[in-house]
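Novice: Quick one, fold the following:
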Amino acid sequence: MPSEKEAVFTKDAPRPVGPYSQAIRVGDLLFVAGQVPFDPVAGEFVRGSIADQARQCMENIKAILKAAGCNLTHVVKTTIFLTNMADFAIVNEVYGNYFDLAPPARSTVQVAALPKGVAIEIEAIAHLP
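Specialist: Numbers count the residues shown, from 1 in each chain. The predicted structure follows:
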């Protein structure tokens, strides 16, 4: 019998702007939708440096993980989407500050464009306790 899926939602991360959930839990896996640099407290996109944008994406992921009862140590895979691969080194430095030992597997891809003209989006998969 397949596991039922459950939507996860928190007001501490951006509200979905389309027909998708912030995250979906299926069994012991959590699939976090791609997070863009939107600050839910300020109610606006972070338009500062790529480092500032990357931090906001990661903070949004942290908030969603917390709502699901876990944290960044449970993340097993991430995908980073960048509109400019020249930003890779800076994003990599910011991203690395969020993971200590055994960072998750990761892919980074350059894309032509992202929603709302942002420069970065990050999605994650976590294995829940």
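Novice: mind listing what T73 touches?
Specialist: Contacts of T73 were listed using Cβ atoms under 8 Å, 6 or more residues apart in numbering, and they are D100. Placement of C-beta: from N, CA and C, glycine included.
Novice: Touching the longest helix anywhere in the chain from outside, list them.
Specialist: Ranked by residue count, the top helix of the chain under DSSP state H comes out as helix 50-67. Applying Cβ under 8 Å, 6+ apart, the set of residues contacting helix 50-67 from outside is 8-10, 12-14, 22-23, 30, 32, 35-40, 46-47, 71-72, 74-75, 84, 87, 90-91, 93-95, 98, 118-122, 124, 126.
Novice: From those residues, list just the buried residues.
Specialist: Buried subset of the contacts of helix 50-67 (neighbour count, 16 or more other Cβ atoms under 10 Å): 8, 10, 13-14, 22-23, 30, 32, 35-38, 40, 46, 72, 74-75, 87, 91, 94-95, 98, 118-122, 124, 126.
Novice: and those, which of them are in helices?
Specialist: Filtering the buried ones among the contacts of helix 50-67 for helices - DSSP H - leaves 91, 94-95.
Novice: residues touching the residue nearest to Q53 when sequence neighbours are not counted, list them.
Specialist: When the adjacent residues along the chain are set aside, Q53 lies closest to P37, with 3.7 Å between them (Cβ to Cβ, 6 or more residues apart in numbering). Each residue near P37 by Cβ under 8 Å, 6+ apart is listed here: 45-46, 52-54, 56-57, 118-120.
Novice: same thing but at 6 Å, please
Specialist: For P37, the contacting residues are 45-46, 53, 56-57, 118, by Cβ atoms under 6 Å, 6 or more residues apart in numbering.
Novice: which one among the residues you listed gets closest to S3?
Specialist: C57 (27.6 Å; Cβ to Cβ).
Novice: Now do the closest one against Y98, distance only.
Specialist: 10 Å (Cβ to Cβ, to the nearest Å).
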